[in-house]
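Chemist: give me a 3D structure for the following:
(chains A and B)
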Number of protein chains: 2
Amino acid sequence: MQLPSSFTSKLASIFVERFSTAQAVRDHHGRDESPYPLMAPDGVVFARTNEEVSAVLRLCDQYEVPVIAFGAGTSLEGHLRPIHGGICLDLSQMNQVLDVSPNDFLVTVQCGVRRKQLNHEIKDLGLFFPVDPGADATIGGMCATRASGTNAVRYGTMRENILALTVVTSNGEIIKVGSRARKSSAGYDLTHVFIGSEGTLGIVTEITLRVYPLPEAISAATCQFPSIHEAIKAVTGIIQYGVPVARVEFVDEVAIAAINQYDKLSLKEVPTLFFEFHGSPAGVQEQAQIAEQISRDHQGEGFEWSIHPEDRARLWQARHNAYFACLQMQPGSRILNTDICVPISKLAKSIDAANEILQDSHLRSAILGHVGDGNFHALISIDPERPEDMVEAERLNSLIVQQALEVGGTCTGEHGVGIHKIQFMNAEHGPGAIELMHKIKDALDPKHILNPGKILPKD
Amino acid sequence: MQLPSSFTSKLASIFVERFSTAQAVRDHHGRDESPYPLMAPDGVVFARTNEEVSAVLRLCDQYEVPVIAFGAGTSLEGHLRPIHGGICLDLSQMNQVLDVSPNDFLVTVQCGVRRKQLNHEIKDLGLFFPVDPGADATIGGMCATRASGTNAVRYGTMRENILALTVVTSNGEIIKVGSRARKSSAGYDLTHVFIGSEGTLGIVTEITLRVYPLPEAISAATCQFPSIHEAIKAVTGIIQYGVPVARVEFVDEVAIAAINQYDKLSLKEVPTLFFEFHGSPAGVQEQAQIAEQISRDHQGEGFEWSIHPEDRARLWQARHNAYFACLQMQPGSRILNTDICVPISKLAKSIDAANEILQDSHLRSAILGHVGDGNFHALISIDPERPEDMVEAERLNSLIVQQALEVGGTCTGEHGVGIHKIQFMNAEHGPGAIELMHKIKDALDPKHILNPGKILPKD
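Modeler: From the prediction side, this is the model:
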């Protein structure tokens, strides 16, 4: 869209060099980690304070210009695409940790703080923030997509770990929602209205998070299985036994090969589980013994323990690199990343079904996942120059989602909807629930200026 | 209000003897556990299915008749008072456990199932549902008030333990929100929009809950302290140490005396903590040792362990009876029950301040609370025949709430707002957040037929 000239001149007068319509700056904000091609916003503004965000939104409201919040640009579902034009609101400079309260296990951060930065800043206090999507995303972005990661099975997702927010509403008002109390029954849960709303209901600028004491003892291990099915049955058994495993990640043989190449490791290229246990020394040992026994019952072998922090760090860094490792397997490729989550009792069946669907295709793919939550990803490689690859990948994703919905699951466990999964929203929620979501959108953003065209199918 | 005659005749034709305008039936639905006097609805309808609830709401929508959902009638804040007239929708006959999935640790219940009934039905499968408000409330009512109880410090509240709902909207549509997946990023979190909405946004008829394996080992204990302050410092220390205590309840000397009388016990009448630890035998022992050591550091003594299930049950029954025990101390009295929740680091200061406020009054009171969460109650006895008692109790509550809000807390940790705490909503949330709540109310219940006049201050 052509931005109104009085709109741009007002933005320029407030933000000076922090408002730009230069092509390079716009292009830099026109792409995320999804396979979609570049689509640049019409301008980019870099805000540093709540008041600046408010000023931007008041202008966008007045001129009815769409506005898309931008953190680290690591989203996977086309969340950042300005499909109705408008400006990008870059919040990466709002990167201060505002408060650390170790005695309450609470921190308050600005939205542009990245998860690694946060963990770095609180480590010396013996604290950590467990939610860890693969990318080094901003806390604001993680709030926007209701992100999770490898620790969610034990510590929950962004949904469980946010107590309060500062939000700038569509008309520029700065409000606070939630409180520092661990629980509250004081009215509507506005905090959870905003978590996962992908910048479509308000712009989250400050976040009060639960953090946790670094575990007294940590133990990590890998275990290898003859088949995906047996690996998943082992996970299911461990979860159903009630072992409070901190992390249990599945990586298939294709992804292990990619990791070996990317990280110069020599892991055995078979379906593998990565475990981590947190607790007291005795507690960790107890958990690990049970997990090992159940794994052996499912033909798991080569159970190797990493006691040393540096070994563990290498192992988990490798797991976190899996996405990028798979991307490197075919230079120039992009990845379509499925993200279903199903009840744990349906996981083995669901992952078998996904595997069968993927085997039938000519596209290369790998499976990995946060299987303790029932969540897994098929990383489907596509050549961005071949549109038919994207069509095929979408076909596979649709089939995988369909069987997840049939067993009571969700089309997206942690990546969000963006534009990419709008196609599944009616099937997952039904028209009545979608209508309610539209009502909430209309109530909180009547002019549809906040990241328009995302999440919700058109009426 | 005078119900329109064609409205009542339509209800009567559908529900026959399950619709009543008899005074006795209306009176029975016109009172809860709050100190408010009787206020009867204009009619009562007993629904048994989603479709029947839908039929009621379609009629209420058509005739613009207010409708108030009713479960066990145990609410404490005047939630059930028909201040704008209308009908009471009694859901206590929707009392079926619809599904138990032990492998997923999920159950689905109708809203009228009571918590003790649920635990009775799943006990033989080795499962339990931890959320336990004092009263034997319905799961629907607990969802409506975002209830918690003694286990919340370990297992969370209704907010953390509900995955999906069936809801009947204000115009009678039956919708499903959420899914059976442990986590999801698929659009707006409608589940949490309804949890804690006190029947003002929709009528929740079915609830999918997380349940937990009965702990392998349980250990419970009481510990006595020379002062409230030292008891609370001990709790704070234990929580800050990171002990995953399942329950830690504080009961002051007044409430202990009441319990002794009510339950024929002979507990020492001093400030007391009730502990419970869940886990493996070794884990429980470890937790208990740390808790005992920290308690001793704060002059805790008489640490007595209850290993036998029947001893434990008696102890916790006594704790659950504390409210009724205090009620019995002055025959004919009613109780105004404060419910603030503060960050754990502020708890000692907050409870000291509350104690000072209460000591200054002529009204009798006791303090007890779910102190691991930072939540406590002052049970203030009032004579319902003396209006000045109520005025004084409200004055005390206001002072207690005020200091909670000053330290980042909430006016209600678990009882909800009803009509009683509307006075604190602006101070707690600020006008901007309240305006957003109004927008959500208007969007989901445009005719304001759903429990009108609750939660939100008038514009």
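
Chemist: run through who's touching stretch A:120-131.
Modeler: A:97, A:100, A:102, A:105, A:107, A:115, A:118-119, A:142, A:147-149, A:151-152, A:154-158, A:161, A:209, A:211-214 (CB atoms under 8 Å, 6 or more residues apart in numbering or on different chains). The way it works is simple: take the backbone N, C-alpha and C, and place the C-beta from them, glycine included.

Chemist: so for that stretch, what's the average pLDDT?
Modeler: Mean per-residue pLDDT for stretch A:120-131: 97.

Chemist: select only the buried ones of the contacts of stretch A:120-131 in PyMOL?
Modeler: Buried members of these, defined by 16 or more other CB atoms under 10 Å in any protein chain shown, are picked up in PyMOL with:
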select buried, chain A and resi 97+100+105+107+115+118+119+142+147+148+149+151+152+154+155+156+157+158+161+209+211+212
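
Chemist: of the contacts of stretch A:120-131, which ones also sit close to chain B?
Modeler: Restricting those to those within reach of chain B (CB under 8 Å from any CB of the partner chain) leaves A:105, A:147-148, A:152, A:156-157, A:212-213.

Chemist: just the closest of the residues you listed to B:Lys421, please.
Modeler: A:Phe105 (26.7 Å; CB to CB).

Chemist: wait, the closest one touches A:Pro213, no?
Modeler: Yes: the pair A:Phe105 / A:Pro213 is scored as a contact, 7.4 Å apart, by CB atoms under 8 Å.

Chemist: quick one on the thing from earlier: what's the farthest-apart pair in the ones next to chain B among the contacts of stretch A:120-131?
Modeler: So, these by CB to CB: farthest apart are A:Ala147 and A:Pro213, at 22.0 Å.

Chemist: what segments of the stretch 301-450 of chain A are helices?
Modeler: Counting by DSSP state H, counting those that start in this stretch, the stretch 301-450 of chain A has helices at residues A:309-320, A:322-329, A:347-359, A:387-406, A:422-444.

Chemist: report all helices and strands that the second one contacts.
Modeler: The one in question is helix A:322-329. When contacts are defined as 3 or more CB pairs under 8 Å, 6 or more residues apart in numbering or on different chains; DSSP states H and E, helix A:322-329 packs onto helix A:253-263, strand A:334-337, strand A:365-370, strand A:375-382.

Chemist: mind listing residues that contact it?
Modeler: By CB under 8 Å, 6+ apart, helix A:322-329 touches A:134-135, A:251, A:254-255, A:257-259, A:261-263, A:318, A:333-335, A:337, A:364, A:366, A:368, A:379, A:381.

Chemist: tell me which parts of the stretch 301-450 of chain A are close to chain B?
Modeler: Close to chain B, as judged by CB under 8 Å from any CB, the stretch 301-450 of chain A has residues A:339, A:341-345, A:373-375, A:407-417, A:421, A:424-425, A:428-430, A:432-433, A:435-437, A:439-444.

Chemist: and those, which are buried?
Modeler: The buried subset of those (16+ other CB under 10 Å) comprises A:339, A:341-345, A:373-375, A:407-417, A:421, A:424-425, A:428-429, A:432-433, A:436-437, A:439-441, A:443-444.

Chemist: if we can go back for a sec, now, the ones next to chain B among the contacts of stretch A:120-131 that are in strands?
Modeler: Among these, the subset assigned to strands under DSSP state E consists of A:212-213.

Chemist: neighbours of A:Pro215, how many?
Modeler: 18 (other CB atoms under 10 Å in any protein chain shown).

Chemist: let me know whether it touches A:Arg247 as I believe.
Modeler: No: A:Pro215 is beyond contact range of A:Arg247, at 11.4 Å (criterion: CB under 8 Å).

Chemist: show me where pLDDT drops low in chain A?
Modeler: Applying pLDDT under 70 to chain A flags residues A:459.

Chemist: SS state for A:Glu77?
Modeler: coil (DSSP: H, G, I helix; E, B strand; the rest coil).

Chemist: skipping adjacent residues, who's closest to A:Arg48 in space?
Modeler: A:Gln93 (5.0 Å; CB to CB, 6 or more residues apart in numbering or on different chains).

Chemist: quick check: phi and psi at A:Thr145.
Modeler: The phi/psi pair for A:Thr145 (degrees, to the nearest 10) reads phi -100, psi 10.

Chemist: check the gap between it and A:Phe250 for me.
Modeler: Distance from A:Thr145 to A:Phe250, counting by CB to CB, to the nearest Å: 22 Å.

Chemist: kindly report the same for A:Val342.
Modeler: Relative to A:Phe250, A:Val342 is positioned 13 Å away (CB to CB).

Chemist: could you do A:Val113 as well?
Modeler: 30 Å.

Chemist: A:Leu363: neighbouring residues, count only.
Modeler: Residues near A:Leu363, counting by other CB under 10 Å: 18.

Chemist: again with the one 4 residues further on
Modeler: Counted with other CB under 10 Å, residues neighbouring A:Ile367 total 23.

Chemist: bridging residues for it?
Modeler: Taking DSSP bridges, one finds A:Ala378 as the beta-bridge partners of A:Ile367.

Chemist: which parts of stretch A:304-323 are buried?
Modeler: Those buried within stretch A:304-323 under the rule 16+ other CB under 10 Å are A:306, A:312, A:315-316, A:318-323.

Chemist: for A:Thr49, state which of those residues is nearest.
Modeler: A:His320 (32.1 Å).

Chemist: now do the contacts for the closest one.
Modeler: A:His320 neighbours (CB under 8 Å, 6+ apart): A:132, A:134, A:150.

Chemist: what helix or strand is A:Ile290 on?
Modeler: Assigned by DSSP states H and E, A:Ile290 belongs to helix A:281-297.

Chemist: in a markdown table, list the helices and strands packed on helix A:322-329 along with distance to A:Ser54.
Modeler: Shown next, in a markdown table, are those (distance: least, CB to CB, whole Å):
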| stretch | distance to A:Ser54 |
| --- | --- |
| helix A:253-263 | 43 |
| strand A:334-337 | 35 |
| strand A:365-370 | 36 |
| strand A:375-382 | 36 |
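
Chemist: what's near enough to touch A:Gln330?
Modeler: A:364, A:381, A:383.

Chemist: in ChimeraX, select just the buried ones from these.
Modeler: Of the contacts of A:Gln330, the buried ones go into a single ChimeraX selection, burial set by 16+ other CB under 10 Å:
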select /A:364,381
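
Chemist: could I get the contacts of A:Gln330 as CSV with distance to A:Gln62?
Modeler: Formatted as CSV, the contacts of A:Gln330 follow (distance: CB to CB, whole Å):
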residue, distance to A:Gln62
A:Arg364, 49
A:Ser381, 45
A:Asp383, 44
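
Chemist: which of the contacts of A:Gln330 sits closest to A:Phe7?
Modeler: When the contacts of A:Gln330 are compared against A:Phe7 (criterion: CB to CB), the nearest one is A:Asp383, at 39.6 Å.

Chemist: which phi and psi does the closest one have?
Modeler: The phi/psi pair for A:Asp383 (degrees, to the nearest 10) is phi -90, psi 120.

Chemist: likewise for A:Leu201?
Modeler: phi -120, psi -20.

Chemist: so how far is chain B from A:Ala186?
Modeler: Distance of A:Ala186 to chain B, computed by CB to the nearest CB, to the nearest Å: 5 Å.

Chemist: so that residue is in contact with B:Cys411, correct?
Modeler: Yes: with contacts counted by CB under 8 Å, A:Ala186 reaches B:Cys411, the gap being 5.6 Å.
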